[in-house]
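sequence below, structure please.
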Amino acid sequence: MRTPVEQSDSRKKASTAGRITGKFWMLLIAAALIISLVACSNASPATSSSAAATSTSAATSKPAATSTSAATSTSAATSTSAATSTSAAASTSAATSKPAAQPTPTVNKYGGTFKFLSNDTATLMGYPPTASQTGAFYAGFCLEGLIRVTDKPFIYSPALATSWDLAPDKSSYTFHLRKGVKFTDGSDFNATVVKWNIDNCIKAKRAELAMVTSVDVVDDYTAKINLSSWDSVTLYQFAGGLTSMASKAAYEKNGEDWVNLHPVGTGPFIFTEMERSQYTKFVKNPDYWDKGLPYLDAIQIDVAKDPTTLQALLLRGGYDGALQTDAITATNVIKGGNYAANLGAMGNFVWWYNDTDPASCWSNIKMRQALEYAIDKQQISDAFGQGFTHPSYEIIGGIAETPGNNPGTTPRKYDPAKAAQLVKDAGFPNGINTTLEVNTQFNGDWIVAQQNMLAKAGINMTINLYPTNVMQTKALEVTPPNTLRYTRARGGPFDMLTVTNADLVTGSIKYPGTKRPDGFDTLLKQAMQETDGNKVLDDMNKMEQLAYNDLMFVPVYISQDVNVWGKNVKSDQGTIMYNGGRSDAGGARYVYLVK
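This next block holds a predicted model:
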């Protein structure tokens with residue numbers, strides 16, 4: 001549809017053309033039509049009104065933000081590696097692979113109100129040091145970090161910092177901040193605010209920032225973060241979440257209790273209201289520093305904790321999708337034809353055991369191999385995963401899911417005859433009895449199916465069910481000999497080094513009684529001190545080869561959270577609010593709706 005200005009121009013041209021006769025009259029009419037069509041195709045849609053942007057949140061008084069040039073927008077900047085950054089527009093290291101480009105805002109994208117369902121409600125969200133996990137996600141619509149993760153492990157892109165430098169002795173990071181950025185309460189974003197936010201995390205004694213000793217304000221747009229130690233995941237801690245930048249002015253004016261429920265940031269959306277366990281609402285930030293974004297005019301998240309209710313609401317219509325549905329609900333909703341699945345965070349479901357005690361059958365590598373060969377992972381995935389799971393052949397969660405990466409291992413595919421022979425070769429010609437300890441929430445036909453598969457190999461398994469609180473205690477105890485436990489291992493492409501260092505290193509409280517293969521810890525220590533992201537991944541691939549060949553535990557399948565979105569929901573990012581292996585509310589800036 002043409003704008004009123006275009007319509008007026010057309011009428012003037014048509015009037016002029018009416019005074020011309022013959023061939024010239026026809027030519028001018030044609031020219032006017034062409035001009036109108038071109039102007040129409042280039043016209044930008046209306047954005048949300050300033051009145052909409054000044055709804056109930058106190059964070060809504062917003063002086064116009066200083067214009068940000070295309071050269072300094074995140075979309076224009078090139079991603080940088082885990083090492084250093086000399087310029088937001090340049091790659092930092094010749095040793096790194098080509099950085100992943102950020103999506104570029106596309107003109108003429110229509111917004112509208114993005115209304116979707118969630119099974120969880122926001123709680124503490126506006127003050128990062130005390131924000132809950134769910135609250136941090138909700139706050140992500142409003143608050144931003146200094147940098148952003150990408151879909152490449154250990155590669156980051158600029159956000160509120162345009163570039164950063166690691167000191168030669170790795171004693172500090174210096175962040176060069178984006179100029180002209182305003183919080184949505186009108187206050188300035190600068191180095192003083194960065195120091196205030198990081199200092200709050202230090203005072204809260206958050207383990208994630210245990211390596212940060214202090215923050216120096218070098219000048220208005222330069223902040224130096226001093227470190228007592230450095231490793232390859234240090235930079236990751238500044239990619240939002242705990243270190244998201246909240247308004248210092250809003251905190252000082254309203255207090256922590258208010259800020260906890262009213263996030264005020266520099267992000268693409270402005271919090272307006274929340275009715276706990278019912279809904280949370282946001283509107284577009286019309287002065288967002290990344291010009292052209294966001295596309296959406298508003299976001300409304302309604303809470304539906306019960307899967308049956310969530311399914312009924314989606315099928316009834318009126319919603320653009322839902323976050324983290326279960327596989328059965330997603331399947332039923334998708335059958336209607338109006339929704340499609342968009343997979344989210346992953347979990348690696350594994351068997352683990354005591355293989356350090358010689359009295360345990362699992363101390364014999366042949367028994368561990370038999371356990372894997374005996375399970376038809378593809379059948380389990382196909383029969384019980386509703387199309388949202390796939391077989392797993394990885395120990396380090398996410399390493400095989402990392403785009404473009406091949407860990408270099410050879411999967412042990414289903415071979416029941418080989419499994420049975422390995423059991424005999426391990427010294428159990430008549431088979432062996434074992435016990436599975438499993439959380440009641442993981443119980444189901446698929447557990448029984450695996451029990452039957454193991455029986456064919458001579459591994460006779462008794463299933464013992466325990467509630468979540470009991471299994472949480474057992475998870476910290478050494479598994480009895482000949483016993484199996486079943487769990488969802490942490491990890492994904494974006495945090496696999498962090499999780500490996502926390503869960504799989506020798507001495508970790510996770511997987512007690514499970515042996516770490518020789519050389520694993522050495523490679524991990526090396527990876528943790530590497531500044532080149534590609535070399536970190538190389539070290540991790542070598543670690544994976546050691547762990548999988550020795551079967552630190554037996555992976556069964558990969559399951560991902562299932563987000564269901566209407567076919568009218570699109571994103572320049574490709575995925576909907578999901579980036580680098582984790583949920584990303586800030587990714588809503590790239591989302592738009594198709595009428």
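
quick one, longest strand in the protein?
When secondary structure is assigned using DSSP state E, the longest strand within the chain turns out to be strand 339-353.

give me the helices and strands touching that one, please.
When contacts are defined as 3 or more Cβ pairs under 8 Å, 6 or more residues apart in numbering; DSSP states H and E, strand 339-353 sits against strand 321-325, helix 327-334, strand 483-489, strand 554-566, strand 578-579, strand 582-583. All C-beta spots, glycine's among them, are computed from the backbone N, C-alpha and C.

would JSON lines of these with mean neighbour count, mean pLDDT and distance to Asn452 be doable?
What follows is the helices and strands packed on strand 339-353, written out as JSON lines (neighbours: other Cβ atoms under 10 Å; pLDDT from 0 to 100; distance: least, Cβ to Cβ, whole Å):
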{"stretch": "strand 321-325", "mean neighbour count": "24", "mean pLDDT": "90", "distance to Asn452": "29"}
{"stretch": "helix 327-334", "mean neighbour count": "20", "mean pLDDT": "90", "distance to Asn452": "22"}
{"stretch": "strand 483-489", "mean neighbour count": "21", "mean pLDDT": "93", "distance to Asn452": "15"}
{"stretch": "strand 554-566", "mean neighbour count": "24", "mean pLDDT": "90", "distance to Asn452": "15"}
{"stretch": "strand 578-579", "mean neighbour count": "22", "mean pLDDT": "68", "distance to Asn452": "36"}
{"stretch": "strand 582-583", "mean neighbour count": "18", "mean pLDDT": "65", "distance to Asn452": "36"}
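
Lys253 is nearest to which of those?
The closest approach between Lys253 and any of the helices and strands packed on strand 339-353, judged by Cβ to Cβ, belongs to strand 582-583 at 30.4 Å.

and the helices in the stretch 201-350 of the chain?
Using DSSP state H, counting those that start in this stretch, the helices of the stretch 201-350 of the chain run over residues 248-254, 256-261, 307-316, 327-334.

in terms of secondary structure, what does the longest one contact?
Right, helix 307-316. Helices and strands touching helix 307-316, as assessed by 3+ Cβ pairs under 8 Å, 6+ apart, comprise strand 113-118, strand 321-325, helix 327-334.

still on that earlier bit, nearest to Leu293, out of the helices of the stretch 201-350 of the chain?
Using Cβ to Cβ and comparing the helices of the stretch 201-350 of the chain, the one that lies nearest Leu293 is helix 248-254, at 22.4 Å.

if we go by neighbour counts, what in that closest one is buried?
By neighbour count, and taking 16 or more other Cβ atoms under 10 Å as the criterion, the buried residues in helix 248-254 are 248-251, 254.

make JSON lines from the helices of the stretch 201-350 of the chain and add distance to Ser232 to it.
Output for those, formatted as JSON lines (distance: least, Cβ to Cβ, whole Å):
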{"stretch": "helix 248-254", "distance to Ser232": "30"}
{"stretch": "helix 256-261", "distance to Ser232": "32"}
{"stretch": "helix 307-316", "distance to Ser232": "39"}
{"stretch": "helix 327-334", "distance to Ser232": "34"}
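
among these, which comes closest to Ser571?
Checked against Cβ to Cβ, the stretch from the helices of the stretch 201-350 of the chain lying closest is helix 327-334, at 18.3 Å.

now the angle from that closest one to helix 307-316?
For helix 327-334 against helix 307-316, the angle by axes from the mean of the first three to the mean of the last three Cα atoms, to 10 degrees is 10 degrees.

and the contacts of helix 327-334?
Counting by Cβ atoms under 8 Å, 6 or more residues apart in numbering, the neighbours of helix 327-334 from elsewhere in the structure are 307, 310-311, 314-315, 322, 325, 339-341, 385-389, 559, 562, 564.

among those, which ones are buried?
Neighbour counting over these (16+ other Cβ under 10 Å) leaves 307, 310-311, 314, 322, 325, 339-341, 385-386, 388-389, 559, 562, 564 as the buried ones.

got any ranges where this structure has weak pLDDT?
Applying pLDDT under 70 to the chain flags residues 1-108, 345, 579-583.

number of residues surrounding the closest residue in space to Asn430 that isn't next to it in sequence?
Distances taken as Cβ to Cβ, 6 or more residues apart in numbering place Gly458 nearest to Asn430, at 7.4 Å, with adjacent residues excluded. Around Gly458 there are 21 other residues, counting by other Cβ atoms under 10 Å.

for Gly458, what are its contacts?
Contact analysis of Gly458 by Cβ under 8 Å, 6+ apart lists 420, 423-424, 428, 430-432.

by neighbours, which of those wins?
Within the contacts of Gly458, most neighbours by other Cβ under 10 Å means Val423, with 27 neighbours.

wait, is that one part of a helix?
Yes. Judged by DSSP: H, G, I helix; E, B strand; the rest coil, Val423 forms part of a helix.

distance of it from Asp169?
When Cβ to Cβ, to the nearest Å is applied, the distance between Val423 and Asp169 equals 55 Å.

kindly report the same for Gln545.
According to Cβ to Cβ, Gln545 stands 33 Å off from Asp169.

only C-alpha atoms, please: export stretch 328-339 in PDB.
The C-alpha atoms that make up stretch 328-339 are tabulated as PDB, following Å, rounded to 0.1, in the frame of the first residue of the first chain:
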ATOM      1  CA  ILE A 328       4.400 -35.100  22.400                       C
ATOM      2  CA  THR A 329       2.800 -31.700  22.700                       C
ATOM      3  CA  ALA A 330       5.000 -30.400  19.900                       C
ATOM      4  CA  THR A 331       4.100 -33.400  17.600                       C
ATOM      5  CA  ASN A 332       0.300 -32.900  18.200                       C
ATOM      6  CA  VAL A 333       0.500 -29.200  17.500                       C
ATOM      7  CA  ILE A 334       2.600 -29.500  14.400                       C
ATOM      8  CA  LYS A 335       0.200 -32.000  12.900                       C
ATOM      9  CA  GLY A 336      -2.300 -29.100  12.600                       C
ATOM     10  CA  GLY A 337      -0.200 -27.600   9.900                       C
ATOM     11  CA  ASN A 338       0.200 -24.100  11.400                       C
ATOM     12  CA  TYR A 339       3.300 -24.600  13.400                       C
END
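
show me how far it is from its chain's centre.
Relative to the centre of its chain, stretch 328-339 is centred 23 Å away, using Cα atoms, centre = their mean, to the nearest Å.

partners of the closest residue to Ser392 other than its chain neighbours in the sheet?
If the residues on either side of it in the chain are set aside, Ser392 comes closest to Pro555, at 3.8 Å by Cβ to Cβ, 6+ apart. In this structure, Pro555 has the following beta-bridge partners (DSSP bridges): Val350.

same thing with Ile301?
Judged by DSSP bridges, the bridge partners of Ile301 are Phe116, Thr280.
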